[in-house]
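Student: Quick one, structure for this:
(4 chains)
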Number of protein chains: 2
Amino acid sequence: MANNPPKEAGELDVLDRDGLTEREFLERYRVGDYERPSVAADMVIVTVTDTEADSYRKLPDKELRVLLIRRGGHPFLGKWALPGGFVRPNETTDQAAARELREETGVDDVYLEQLYTFSDVGRDPRAWVMSCSYMALINGEHLQLQAGDDAAEAAWFKATYRLLRERKEHVEDGYVKTLEYELKLSSEEEELTAVVARTVTARATSTSTAYAIVANDGLAFDHAKIIACAIERLRGKVNYTDIALHLMPPLFTLTELQQVYEVILDKELLKAAFRRKVADLVAETDHYTENAGHRPSRLYRRRLEE
Amino acid sequence: MANNPPKEAGELDVLDRDGLTEREFLERYRVGDYERPSVAADMVIVTVTDTEADSYRKLPDKELRVLLIRRGGHPFLGKWALPGGFVRPNETTDQAAARELREETGVDDVYLEQLYTFSDVGRDPRAWVMSCSYMALINGEHLQLQAGDDAAEAAWFKATYRLLRERKEHVEDGYVKTLEYELKLSSEEEELTAVVARTVTARATSTSTAYAIVANDGLAFDHAKIIACAIERLRGKVNYTDIALHLMPPLFTLTELQQVYEVILDKELLKAAFRRKVADLVAETDHYTENAGHRPSRLYRRRLEE
DNA sequence: TTAATAGTGTCTATAAGACAATATTGC
DNA sequence: GCAATATTGTCTTATAGACACTATTAA
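Tutor: So this is what the prediction gives:
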């Protein structure tokens, strides 16, 4: 991405209270020795895969999956964490995220979006570490590339995120509403469960939203929050952007696309309305599915123009 | 906000490859001496104010305003910057933003939302500094509190943000679309202008969006980008949340609320449709405007329940 | 009386929900 | 033929756009 060096700096040679030009000031400038945080770029890498089909006639179901890495050292030894790493001095957080993604999965040139910066005190027991989190969307066909990793154990976990409990408490001049969501991550061997609470405090003048981890079995750090944040972003954007198309292979059927929407939203959709809605996001091709055990389906691709 | 100390850490006394428990590991852990960034919390403090009315009968217009502070030292000496400051070791970025807001305006308990973390290399010529940016919404009645500042010169600038140019270039397997927006900030004495480009690169598999400052007259650092980000967020959320109500005083007319929507969206709205749309967000009171030179208007307040 | 805003009614256009009818394939 | 999915049609309902009509006040 193009950087934007601030062009205005120093153009006028104005002097500060010490009589220094900007050039002189910068030459003398030394970073103070006050404490600074480490900043990590952590990624929620999301994909959608097929499950086994029940019969030769039925279509396979789809699952939302997230890549996790088992921690090989303290803290959280043995727990599962998001792929990520520290941002280096001569790169942006975007570049750090893209680098991590490449190292972890080998893929490049996929959809990547910054989510949120998490900075709770004590979120990393070692030191002061903030996490600038990202979401990457890759299509299931890329999935085989996960091997060849640097010894770290990585696995794809099926993710579900459901409203579990809802509470509303009326206070002096407003209310506090708490929504607890259950995040379940399951691989072939393990099932991790966390409960993330979103607390909305609405008062006369202000509204604030805070996230908290209420229960957490098997995930490292505050990564349950980050995964929840990614799923919420995905759910929010799927209805008014073409974001879901980044989870599709180059050619796909409308039913497959609908399944992806359904697995993201955790909700069944009506076929006719769905097709009307995505009509502008996709383009017909002349290809069809074959040997499906039933009527073939036209294949579509993502439509770039608008 | 409640912190969420990771509860799972150390619960099992598992040993790492060096045979250490988590407690032993953490006791021995020393932060490495690799380079770390400073992280600033920078805030776009937004309010809406009345302009002078043309006649005793006409209603005043509304303006979107943003608080800026003139830099008293290098770099960008004399330029205008967003209020902000470095995040300290025992606070979150949210807390740092709230602290800055309190110091700068005296207000507390207002709407505050994290926007985006900017980390371009060279965005601060002094050192490696990331900016975790925030947007605060305060109502115009709070505005007089800006005085009593610590010597720094602060001023409210009227903000407009308009599409200026649109370009679409077709490349190998997709296109590059560039939208250039003009950001104008005017106070009584000064007018600052910047042009921010949003470049969407859409290709077969990926879509990426980058922001760049194309022109910049009078704003420090990359703050034009941050202000653009805030206005875009505000425009996006105004249509499907009650966010605009945080810019209103406790009692307001529906026409005033409509003016606020219009000044945010930079677009005129139809009265009947607007009133239908906000009907659920507000609650009637028994109060009316007085001495307006025309028919009085019912006053409403923000409705908290849903 | 008048200028200005307040508030409501209604017709139309568009999109979403609900459901049903018809079309094709492999076995 | 049958099970399963593909694709389209249409009726209903909800929402937004467009515009006009009536109501009410201070000067």
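
Student: what ranges do the strands span in the stretch 51-200 of chain A?
Tutor: Listed in chain order, the strands of the stretch 51-200 of chain A (DSSP state E, counting those that start in this stretch) span A:62-70, A:80-81, A:84-86, A:111-118, A:129-137, A:154-171, A:174-186, A:191-203.

Student: now the shortest one, how far from the chain's geometric center?
Tutor: To tie it back to what came earlier, the one meant is strand A:80-81. Centroid displacement of strand A:80-81 relative to its chain, using CA atoms, centre = their mean, to the nearest Å, is 14 Å.

Student: same deal with the first one?
Tutor: Taking the mean of its C-alpha atoms, strand A:62-70 sits 11 Å from the chain's own mean (CA atoms, centre = their mean).

Student: partners of it, with directions?
Tutor: Counting by DSSP bridges, the strands paired with strand A:62-70 are strand A:38-50 (antiparallel), strand A:80-81 (antiparallel), strand A:154-171 (antiparallel).

Student: Let's have the ones you listed in a markdown table, adding mean neighbour count, mean pLDDT and distance to DNA strand C.
Tutor: In short, each C-beta sits where N, CA and C put it, glycine included. Output for the strands paired with strand A:62-70, formatted as a markdown table (neighbours: other CB atoms under 10 Å in any protein chain shown; pLDDT from 0 to 100; distance: least, CB to the nearest atom of the strand, whole Å):
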| stretch | mean neighbour count | mean pLDDT | distance to DNA strand C |
| --- | --- | --- | --- |
| strand A:38-50 | 23 | 96 | 18 |
| strand A:80-81 | 20 | 97 | 36 |
| strand A:154-171 | 15 | 96 | 18 |
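
Student: Of the strands of the stretch 51-200 of chain A, which is nearest residue B:177?
Tutor: Closest approach to residue B:177 among the strands of the stretch 51-200 of chain A (CB to CB): strand A:111-118, 16.0 Å.

Student: between the closest one and strand B:129-137, how many degrees?
Tutor: Following axes from the mean of the first three to the mean of the last three CA atoms, to 10 degrees, one obtains 80 degrees for the angle between strand A:111-118 and strand B:129-137.

Student: And chain B, is strand A:111-118 touching that?
Tutor: Yes: judged by CB under 8 Å from any CB of the partner chain, strand A:111-118 comes into contact with chain B at A:111, A:112, A:114, A:116, A:117.

Student: contact partners of the strand or helix carrying residue A:226?
Tutor: Here residue A:226, judged by DSSP states H and E, is contained in helix A:223-238. Applying CB atoms under 8 Å, 6 or more residues apart in numbering or on different chains, the set of residues contacting helix A:223-238 from outside is A:42, A:44, A:46, A:64, A:66, A:80-82, A:113, A:115-116, A:118, A:131, A:133, A:135, A:159, A:161, A:181, A:183, A:185, A:194, A:196, A:211, A:213, A:216, A:219, A:243-244, A:261, A:264-265, B:4.

Student: Quick check: which of the strands of the stretch 51-200 of chain A is buried the most?
Tutor: Among these, strand A:129-137 has the highest mean neighbour count (mean count of other CB atoms under 10 Å in any protein chain shown), at a mean of 25.

Student: Report all helices and strands that that one contacts.
Tutor: Packing partners of strand A:129-137 (3 or more CB pairs under 8 Å, 6 or more residues apart in numbering or on different chains; DSSP states H and E): strand A:38-50, helix A:93-105, strand A:111-118, helix A:223-238.

Student: Quickly note the distance from residue A:76 to residue A:122.
Tutor: Distance from residue A:76 to residue A:122, counting by CB to CB, to the nearest Å: 13 Å.

Student: who's more crowded, those two?
Tutor: The residue with more neighbours, out of residue A:76 and residue A:122, is residue A:76; 23 against 13, by other CB atoms under 10 Å in any protein chain shown.

Student: which one among the residues of strand A:111-118 next to chain B gets closest to DNA strand D?
Tutor: In terms of CB to the nearest atom of the strand, no member of the residues of strand A:111-118 next to chain B lies closer to DNA strand D than residue A:111, at 24.9 Å.

Student: so what's that closest one bridging to?
Tutor: Legend: beta-bridge partners of residue A:111 under DSSP bridges are residue A:137.

Student: Quick check: it touching residue B:204?
Tutor: No: the criterion here is CB atoms under 8 Å, and residue A:111 misses it with residue B:204 at 11.8 Å.

Student: Can you get me a residue count around residue A:303?
Tutor: Neighbour count for residue A:303, taken as other CB under 10 Å: 15.

Student: is it true that it touches residue A:282?
Tutor: Yes: Residue A:303 is within contact range of residue A:282, at 5.3 Å (criterion: CB under 8 Å).

Student: give the contact list for the residue nearest the centre of chain A.
Tutor: Residue closest to the mean C-alpha point of chain A, counted by CA atoms, centre = their mean, is residue A:135 at 2.6 Å. Contact analysis of residue A:135 by CB under 8 Å, 6+ apart lists A:43, A:44, A:46, A:112, A:113, A:115, A:230, A:233, A:234.

Student: how about a cut-off of 7 Å?
Tutor: When contacts are counted by CB atoms under 7 Å, 6 or more residues apart in numbering or on different chains, residue A:135 touches A:44, A:46, A:113, A:115, A:230, A:233.
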